[in-house]
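Visitor: fold the following for me, if possible:
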Amino acid sequence: MTHQELLRSVEWKDLRKLTTRELLIENNLTIPWFLVSMLLAYFGYYALALPFSGFFFLTGLRQVHNGFHRALGTNRFLTWLSLYLNSVLMVVSLHAVKFNHLRHHRFCLAEGDYEGKSAGMSWYGAVLYGPVHMFLIHKVTLQLGDKKYRWNVLFELASIAAFLFLVFHFELHFLIYHVVVMVLAECLMAFFAVWTVHHDTQDNPMLARTQRTGWKNVLTFSMFYHLEHHLFPAVPTIKLPELAKRLDDALPDVEKRQTF
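Guide: Predicted coordinates:
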């Protein structure tokens, strides 16, 4: 079954619209995790802060990922602002990530998909490849992106540099902790965001892996409904559980490989 046949077989267009409650959730999900992590780190409770930092990073990925696909329910400026602010807080140019992510959807696991390179590696190879992955997505965007992408990437990198200078110049220990955790998390992206959902799917790249276990999806904020996302990228993350049910009902025979 082709992608177009799948699109015609499942009702999904109504899922693109967010209610006011859903819009507020998708655009503010990161805030409590960030505030609690910073509060604990400020008082030196780094071990206690670590899981909150991890959930901030995960919810930040969810927020900007929706932004990549214009699925936050906000206008262009607010979507851009979300990517910009999270770029500084997550210590990476998210317009560079966006450029490569949209190419990933277009050239999934084929030549030209720089984001997907780690999918064909071993799990430990993908972990070790992480720092190269982060460098490559910035390099590719500056080389292949248009003027607007290049400007956004350079502006975000300059803002990150200014943020890092202030953090280390004034020795703000709680923010130094935050920066270190974010850099480590970014270096694991080739494993968590690519390998886990695409390994051993080269035979049919359209059918990415998915996660259907309830508590695992709660713990990961529905970020591993990746099969559903690749088939219907315009659907916001908060709607993916409903989309998964519709996909199962309409096409029960579609192969669903588990993420973990």
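
Visitor: now do the same end-to-end measure for stretch 206-224.
Guide: Using C-alpha to C-alpha, to the nearest Å, one end of stretch 206-224 lies 15 Å from the other.

Visitor: and the residue nearest to Ile176 when sequence neighbours are not counted, how many neighbours does it have?
Guide: Counting by C-beta to C-beta, 6 or more residues apart in numbering, Val167 is the residue found nearest to Ile176 once chain neighbours are left out, at 5.9 Å. (C-beta placed from N, C-alpha, C; glycine too.) Using other C-beta atoms under 10 Å, Val167 has 17 neighbouring residues.

Visitor: is it true that Val167 touches Tyr177?
Guide: No. Taking C-beta atoms under 8 Å as the definition, Val167 is not a contact partner of Tyr177, at 9.9 Å.

Visitor: can you report phi and psi for the residue lying farthest from the centre of the chain?
Guide: Distance from the C-alpha centroid of the chain peaks at Phe170, with 30.8 Å (C-alpha atoms, centre = their mean). In terms of degrees, to the nearest 10, the main-chain angles of Phe170 are phi -90, psi 10.

Visitor: can you tell me how far the residue nearest in space to the middle of the chain sits from Val97?
Guide: Taking C-alpha atoms, centre = their mean, the centroid of the chain lies closest to Leu61, which sits 3.7 Å from it. Distance, Leu61 to Val97, by C-beta to C-beta, to the nearest Å: 9 Å.

Visitor: and what of Leu142?
Guide: 13 Å.

Visitor: just Leu172 next, same as before
Guide: Distance, Leu172 to Val97, using C-beta to C-beta: 26 Å.

Visitor: between the two, who's got more neighbours?
Guide: Taking neighbours as other C-beta under 10 Å, Leu172 and Val97 compare with Val97 leading, 27 against 15.

Visitor: got a pLDDT number for the closest residue in space to the more buried one that isn't next to it in sequence?
Guide: Leaving out its chain neighbours, the residue that sits closest to Val97 by C-beta to C-beta, 6+ apart is Ile137, at 6.0 Å. Listed pLDDT for Ile137 reads 97.
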